[in-house]
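Student: Quick one, what's the 3D model for this:
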Amino acid sequence: MNNEKNNQNVNPPSEGSSCPACACKSKTGLWILLIAVIILAAGFFANRFSSDKDGKNKPEETVNTATADSATATTTAGITWNSDYQAGMKLAAQQNKPVLLSFTTSWCPPCQYMKKDVYTHPAVSKAAEAFVPIMIDPEKETALADQYKITAYPTYIFLQPDGKIIETAVGSSSPEDFAAKLTGLGKK
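Tutor: Coordinates of the predicted model:
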């Protein structure tokens, strides 16, 4: 009796078809899943190997070097950033240059935009030469982030060579606007 009841609930194959309806649905589902995986993989690889505006593949250029006072410097396609705050401040005092202090993180989309599209712009690179640029990861340098009361990323603090704050800016900007800000503050 249980077998009769179970047999009544089973869907018979449709006319002209040799497979049960559930098997056809699972094959369709597999095809949809396969197509979705292919599309995702294509998108990943297209983004991973996309070209820059000149049509050449351009990985982010990062070079670690040592500066005069053992400050660690990182070049991000145009600007050489000091990663040691104390050594960068000492260098600014020695060279009598203002400081561009950047608080940025690796997971922050506006920070990554600034690294990829703004710091690489020729006008920004040129204007940054008037500064001693220091890039700080506030999650690693929490005391420094607390000292400057950093609550958002990216945050830029422009300092005189003696450490006095000239101006603070929060958020990303266009290459043209950032170059203009650097040019204006570099003359003070």
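Student: need the strands for this protein, in chain order.
Tutor: 62-66, 72-76, 79-82, 99-103, 132-136, 155-159, 165-170 (DSSP state E).
Student: Dump the fifth one to CSV, keeping only the CA atoms.
Tutor: Spelled out, it's strand 132-136. Output of strand 132-136 as CSV, limited to C-alpha atoms (Å, rounded to 0.1, in the frame of the first residue of the first chain):
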residue,chain,number,x,y,z
VAL,A,132,58.0,65.2,2.0
PRO,A,133,55.2,62.7,1.5
ILE,A,134,54.5,60.3,4.4
MET,A,135,52.0,57.5,4.0
ILE,A,136,50.6,55.9,7.2
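Student: Low-confidence stretches in this structure?
Tutor: Scanning the chain for pLDDT under 70 picks out 1-26, 40-77, 188.
Student: domains for it, by residue range?
Tutor: 19-50, 62-186 (automatic domain parsing).
Student: Pick the most buried one from those.
Tutor: Highest mean neighbour count among these (mean count of other Cβ atoms under 10 Å): domain 62-186, with a mean of 17. For glycine as for every other residue, the C-beta is placed from the backbone atoms N, C-alpha and C.
Student: What does Asp162 show for phi and psi?
Tutor: phi -90, psi 0 (degrees, to the nearest 10).
Student: residue contacts, the residue nearest to Ala169 when sequence neighbours are not counted?
Tutor: Once flanking residues are discounted, Ala169 sits nearest to Tyr156: 4.5 Å by Cβ to Cβ, 6 or more residues apart in numbering. Shown in contact with Tyr156 (Cβ atoms under 8 Å, 6 or more residues apart in numbering): Leu100, Leu101, Ser102, Phe103, Thr168, Ala169, Val170.
Student: out of those, who's nearest Met89?
Tutor: Within the contacts of Tyr156, proximity to Met89 (Cβ to Cβ) peaks at Leu101, which comes in at 8.9 Å.
Student: Would you mind measuring from the closest one to Ala92?
Tutor: Separation of Leu101 from Ala92 (Cβ to Cβ, to the nearest Å) stands at 10 Å.
Student: The nearest residue to Ile134 once chain neighbours are set aside and Lys97: what is the separation?
Tutor: Spatial nearest neighbour of Ile134, excluding adjacent residues (Cβ to Cβ, 6+ apart): Gly88 at 3.9 Å. Look at Gly88 and Lys97: by Cβ to Cβ, they are 10 Å apart.
Student: No further questions, thank you.
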